[in-house]
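> just need the structure, nothing else, for what follows:
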Amino acid sequence: MNANEVLITKFYTAFANGDAKTMSECYHSKVEFSDPAFGLLKEDQVSKMWKMLLLKSKGKIKIEFSDIKADDFSGTAKWVAAYNFSKTNRNVINKIKAEFAFQDGLIIKHTDHFDVWSWSGQAFGPAGYLLGWTSFFQNKIREQALLSLKKFQESK
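Prediction:
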């Protein structure tokens, strides 16, 4: 494994172990993160999002990762998160493809891709299956995710 593959492995190993501090250490101070649930997050918001998600999971999130590939500039990984969605207590198994960019030996950009409609159906049940494909529902998911992050940041 090259240094960036080791870095990605360190990140997901820390995630699987519920170690938000080590996850944060893998990120550049100017990191940008994006995914369908939160949209674009920058810098400290990124580490705080992971910390919030780990705390909300109460140690009951299961992370598996595979297919880590990277060169000097970019990388990819596949990962699966299995957890109970806190708002509905429904089981979710989310299959994610991550893309990374690196700078100064750290992750400067992290983009997660997943099927929002599939996730919505698992997280919200019938309403998610019926409406999860709509931009209205997806925007509501993003609004709620960002509101949760804002409240978490204000409480810390």
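> contacts and neighbour counts: CA atoms only from here.
OK.
> so which residues make contact with the worst-scoring helix or strand of the chain on mean pLDDT?
Ranked by mean pLDDT, DSSP states H and E, the helix or strand of the chain with the weakest confidence is helix 126-131, at a mean of 86. Here helix 126-131 makes contact (C-alpha atoms under 8 Å, 6 or more residues apart in numbering) with 117-118, 120-122, 137.
> mind checking the pLDDT average for the longest strand seen in the chain?
Longest strand of the chain, by residue count under DSSP state E: strand 90-103. Mean pLDDT, strand 90-103: 97.
> check which residues of it are buried.
For strand 90-103, burial by neighbour count (16 or more other C-alpha atoms under 10 Å) applies to 92-103.
> what do you get for stretch 58-69?
Buried residues in stretch 58-69 (16+ other C-alpha under 10 Å): 61, 63, 65, 68-69.
> so how far is Ser86 from Leu55?
Going from Leu55 to Ser86 by C-alpha to C-alpha, to the nearest Å gives 11 Å.
> packing partners of the longest strand of the chain?
Contact partners of strand 90-103 among helices and strands, from 3 or more C-alpha pairs under 8 Å, 6 or more residues apart in numbering; DSSP states H and E: strand 74-85, strand 106-113, helix 116-124.
> these two touch, right, Lys51 and Ala20?
Yes. Between Lys51 and Ala20 there is a contact under C-alpha atoms under 8 Å: 5.3 Å.
> could you find the closest non-adjacent residue to Gly125?
Spatially, and ignoring its direct neighbours in sequence, Gly125 is nearest to Arg90 (7.9 Å; C-alpha to C-alpha, 6 or more residues apart in numbering).
> which strands or helices does the longest helix anywhere in the chain pack on?
When the chain is parsed with DSSP state H, its longest helix is helix 135-155. Here helix 135-155 touches helix 44-57, going by 3+ C-alpha pairs under 8 Å, 6+ apart.
> identify each buried residue in the helix it packs on, please.
In helix 44-57, counting by 16+ other C-alpha under 10 Å, buried: 44-54, 57.
> between all of those residues, which two are at the greatest distance?
By the measure C-alpha to C-alpha, Asp44 and Ser57 form the most distant pair in the buried residues of helix 44-57, at 20.2 Å.
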